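Asker: 3D, please:
(chains A and B)
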Amino acid sequence: MRLLNRSAGRLSRHRRGPLAGVVLLLLGLVLTGSLYAAFAPAQATSAESDIEQVEKGRELFLVGCAFCHGQNGEGILTQRGDTQLGPPLAGVGAAAVDFQVGTGRMPMAQPGQQAPDKAPVYSQDEIDALGAFVASLGPGPAVPDEEEYSIEGLSADEREEAIVRGGQIFLTNCTACHNFNGGGGAMPRGGYAPSLHDTDPKYIYEALLTGPQQMPNFSNGNLPPEEKRDVIAYLESLRETPEYGGFGLGGLGPVSEGLFAWLVGIGGLVGFAVWIAAHSTRSTKKKGQAA
Amino acid sequence: MTDARDHESHENDPHAGGSSENLPDSPAGSAGAVPESAEPIADPGLPAHEWRPTDVDERQEKRAERQVAGMFGLSAICVLLFLISYFTFDIGDNHSTFAGFGASTVTLGTTFGLALLFIGIGIIQWARKLMGDHEISEMRHPARSSDEDREATLAALNAGLEESGIGRRPLVRNSLLGAVGLLGLPAVVLLRDLGPLPGDVYDDEDYPGAGLERTVWTKGMRVVRDVVGTPIRAADLEIGDLVNAVPEAFYEVDEEGEHLIEGIELQIAKSKAAVIVVRMEPDEIIPGEGRDNWAVDGVLCYSKICTHVGCPISLYERTTHHVLCPCHQSTFDLADSARVVFGPAARALPQLPLAVDDEGYLVAQSDFTEPVGPSYWERG
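Answerer: Modelled structure (predicted):
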């Protein structure tokens, strides 16, 4: 307090100094500028029309996506004509774009059985623009709002209920591929179902909605939005649940557990057997001769 | 077999004395009862015994002693820690955790395991460093018993046969054989009673869909989502959708809110009636013979029970329309009447003929037209 008083006193001494007016003017300008910067862009983006966003998306699409998906997202067949280089995108919706590009699965680094997730190439603004363009090709699912997949607004009891129901739905519909704890698993011909342990809830929702790659979709007519939310609530509760039984080895079942038993368990036993049966150190001294 | 024949020490005096009297008198050349003339090369005997450092150096001995005692002490500490963690860490609703693991489980397991391990390590170290350091050589012997032993055994056997008179008294022998043979019957009867014969199940059990050849599905029964029990509107499904579904009968309740099918009957019924519903492009479907009207606008319904050994399967790839059984990799092509495209399954998944009711919900046209699940003897 004393320090404040003292510095205020010092400032006050200069209030009639020759530079005071300039400093005050500069301060006013900076304040105005930063206030403008804080509020103005929001108005600017909301003012950016959908048409502009679609146009921006189209330009990005022509550069980054059209090679496989065609200039109008119509899809391109491989030369043999029996498989798609890139599937047609009419009707996949902005949700599919947000998922595929947002998780880095698209653009694909190389063709293959599976597009792996990697660091995203586009910024969220660019992804939104791409999504707006693809959504303009045909009606499809939109990017979900956060309240659609969040259980924040629910009471404790409702949350508990949502997690339990989500768990039952998950165990019935998802465990076949994603493992009972969401750890993922192997799929035919070198594909795999990815782990859901670190997946953003938005992307889980979008994947359910759009069915990326081999995954069947769980459209709103199949799995209503609140049941999707419950599944996500269950998966998030799994992340917070400690492994009560000790180290789960990825929850992969007999593969990882068997590997651990063979390598560490039996390896340890072999090590002990070798130690037990090994020749012990011998001395050249005779008994009673030691110093 | 006696000890004298089994073990022959290279030492002249027996080992009955304490460990301090183990000094070999004249180790080299004195070993073995084999006369030297019998060997083409003279038996060099065993090399002189080399003592362990702990045998000749008192400081080393004390050190090893402390090591062993230390191991036993560590084991005791682990047991104490076990008891402390048992009473300290909560389990159940208010579970204590440690580094993301259940504290109780991890500490109990670790401390008890280490307690046993330290005792084991201590004993082995004790044996290796401190216990008696005898060298024992064991001579090889033929595995065949001696002629005297063989003759004596045969004589005893023959005497027994002779005295029991089993050859002379066929009545006793045959009645004994009959009695022992009949002892197998109780086992047969008990095993037979484990369950009804497949043909009898319709008469013996009176729950819906009893028997190997029938399920709960009937004409007009709605297909509902598993777990939540809500009916499925055909028009709401999109291309690529997969629904794990069950018959509506599992969610029907009487006036008092009691489920009509419950308990073990529900388990049996569900193990046969569970289905998967998928929707694909109608022109991608190759309709099976007589199955032209079994799909509703690209919506198909198949048994969820693998025809190999009956695992429930829903590992579905929308791009190939293949469903894969994780148990033995049987793969079925749902676009082609669930034909087996890979794996040990011998039959296609049975298809449930679908229709739509007045309100637009999916219903079954009938029960499955063939038994679901694995093959069995009567099916051939």
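
Asker: make it CA atoms for all contacts and neighbour counts henceforth
Answerer: Noted.

Asker: ok, B:C78 - how many residues close by?
Answerer: Applying other Cα atoms under 10 Å in any protein chain shown, we find 22 other residues in the vicinity of B:C78.

Asker: pretty sure it contacts B:L117?
Answerer: No. Using Cα atoms under 8 Å, B:C78 makes no contact with B:L117, being 10.2 Å away.

Asker: C-terminal to the host helix or strand of B:A156, what's the next element?
Answerer: With secondary structure defined by DSSP states H and E, B:A156 is part of helix B:147-164. Downstream of helix B:147-164, the first helix or strand assigned by DSSP H and E is helix B:170-182.

Asker: just the buried positions in whichever helix or strand comes after that next one, please.
Answerer: Downstream of helix B:170-182, the first helix or strand assigned by DSSP H and E is helix B:184-192. Within helix B:184-192, no residue is scored as buried using 16 or more other Cα atoms under 10 Å in any protein chain shown.

Asker: what's the answer for stretch B:256-269, then?
Answerer: Of the residues in stretch B:256-269, B:260-261, B:265-266, B:268-269 count as buried by neighbour count, 16+ other Cα under 10 Å.

Asker: any residue of that stretch up close to chain A?
Answerer: No. Contact of stretch B:256-269 with chain A (Cα under 8 Å from any Cα of the partner chain) is absent, the minimum separation being 14.9 Å.

Asker: check the offset of that stretch from the chain's centre.
Answerer: Relative to its parent chain, stretch B:256-269 has a centroid offset of 30 Å by Cα atoms, centre = their mean, to the nearest Å.

Asker: if we can go back for a sec, and the buried residues of stretch B:256-269, which is closest to A:L252?
Answerer: B:I268 (28.3 Å; Cα to Cα).

Asker: of all residues in chain A, which one is closest to chain B?
Answerer: A:Y244 (3.7 Å; Cα to the nearest Cα).

Asker: now for the buried residues of stretch B:256-269: which two are most distant?
Answerer: Greatest spacing in the buried residues of stretch B:256-269, by Cα to Cα: B:L260 and B:I268 (13.8 Å).

Asker: what do the two both touch?
Answerer: Shared contacts of B:L260 and B:I268 (Cα atoms under 8 Å, 6 or more residues apart in numbering or on different chains): none.

Asker: close to chain A: what parts of chain B are there?
Answerer: So chain B meets chain A at B:50-53, B:55-57, B:97, B:100-103, B:105-106, B:124, B:128-129, B:226-228, B:232-233, B:236-238, B:240-244, B:313-320, B:324, B:326 (Cα under 8 Å from any Cα).

Asker: ok, the one residue in the stretch 1-150 of chain B that gets nearest to chain A - contacts?
Answerer: Relative to chain A, the nearest point of the stretch 1-150 of chain B is B:G102 (3.7 Å; Cα to the nearest Cα). Contacts here follow Cα under 8 Å, 6+ apart; on that basis B:G102 touches A:242-246, B:95-96.

Asker: now the residue nearest the centre of chain B: closest residue in space that isn't a chain neighbour?
Answerer: Here the mean C-alpha position of chain B is nearest to the C-alpha of B:C327 (Cα atoms, centre = their mean), at a distance of 14.6 Å. Nearest residue to B:C327 in three dimensions, chain neighbours excluded: B:C311, at 6.8 Å (Cα to Cα, 6 or more residues apart in numbering or on different chains).

Asker: do the same with B:L349
Answerer: Closest residue to B:L349 apart from its sequence neighbours, by Cα to Cα, 6+ apart: B:A338 at 5.4 Å.

Asker: mind listing what that neighbour touches?
Answerer: Taking Cα under 8 Å, 6+ apart as the test, what B:A338 contacts is B:302, B:332, B:348-351.

Asker: thinking again about what came up before, ok, the residue of chain A closest to chain B - how many residues close by?
Answerer: Residues lying near A:Y244 (other Cα under 10 Å) number 20.

Asker: need the nearest residue in space to it, chain neighbours excluded.
Answerer: In space, A:Y244 is closest to B:G102, 3.7 Å off (Cα to Cα, 6+ apart).

Asker: next one: phi and psi at that neighbour?
Answerer: phi -70, psi 120 (degrees, to the nearest 10).

Asker: for A:P242, see how far away it is.
Answerer: Distance, B:G102 to A:P242, using Cα to Cα, to the nearest Å: 6 Å.

Asker: does the residue of chain A closest to chain B touch B:F101 like I think?
Answerer: Yes. Under the criterion of Cα under 8 Å, A:Y244 makes contact with B:F101 at 5.2 Å.

Asker: close to chain B: what parts of chain A are there?
Answerer: So chain A meets chain B at A:168-169, A:172-173, A:176-177, A:188, A:211, A:213-222, A:241-247, A:276, A:280-291 (Cα under 8 Å from any Cα).

Asker: switch the cut-off to 7 Å
Answerer: Contact residues (Cα under 7 Å from any Cα of the partner chain) of chain A with chain B: A:168-169, A:172-173, A:176-177, A:214-219, A:221-222, A:242-247, A:276, A:280-288, A:290.

Asker: next step: those restricted to strands.
Answerer: Using DSSP state E to define strands, no part of these is located there.

Asker: so what's the residue count around A:I163?
Answerer: Counted with other Cα under 10 Å, residues neighbouring A:I163 total 24.

Asker: domain assignment for chain B?
Answerer: B:3-14+B:37-137, B:223-379 (automatic domain parsing).

Asker: still on that earlier bit, looks to me like the residue nearest to the centre of chain B is in a strand.
Answerer: No. Counting by DSSP: H, G, I helix; E, B strand; the rest coil, B:C327 is not part of a strand but coil.

Asker: pLDDT on stretch A:260-275, on average?
Answerer: Stretch A:260-275 carries an average pLDDT of 94.

Asker: give me the contacts around that stretch.
Answerer: For stretch A:260-275, there are no surrounding residues in contact (Cα atoms under 7 Å, 6 or more residues apart in numbering or on different chains).

Asker: just the CA trace of that stretch, in PDB.
Answerer: Extracted C-alpha coordinates of stretch A:260-275, given in PDB (Å, rounded to 0.1, in the frame of the first residue of the first chain):
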ATOM      1  CA  PHE A 260       3.600 -60.400 -20.200                       C
ATOM      2  CA  ALA A 261       3.300 -63.900 -18.600                       C
ATOM      3  CA  TRP A 262       5.600 -65.500 -21.100                       C
ATOM      4  CA  LEU A 263       8.300 -62.800 -21.300                       C
ATOM      5  CA  VAL A 264       8.300 -61.300 -17.700                       C
ATOM      6  CA  GLY A 265       6.800 -64.200 -15.800                       C
ATOM      7  CA  ILE A 266       8.500 -67.200 -17.300                       C
ATOM      8  CA  GLY A 267      11.600 -65.100 -18.100                       C
ATOM      9  CA  GLY A 268      11.900 -64.300 -14.400                       C
ATOM     10  CA  LEU A 269      11.500 -67.900 -13.500                       C
ATOM     11  CA  VAL A 270      14.100 -69.000 -15.900                       C
ATOM     12  CA  GLY A 271      16.400 -66.300 -14.500                       C
ATOM     13  CA  PHE A 272      15.900 -67.600 -11.000                       C
ATOM     14  CA  ALA A 273      16.400 -71.200 -12.100                       C
ATOM     15  CA  VAL A 274      19.700 -70.200 -13.800                       C
ATOM     16  CA  TRP A 275      20.800 -68.400 -10.600                       C
END
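
Asker: this completes my enquiry, with thanks.
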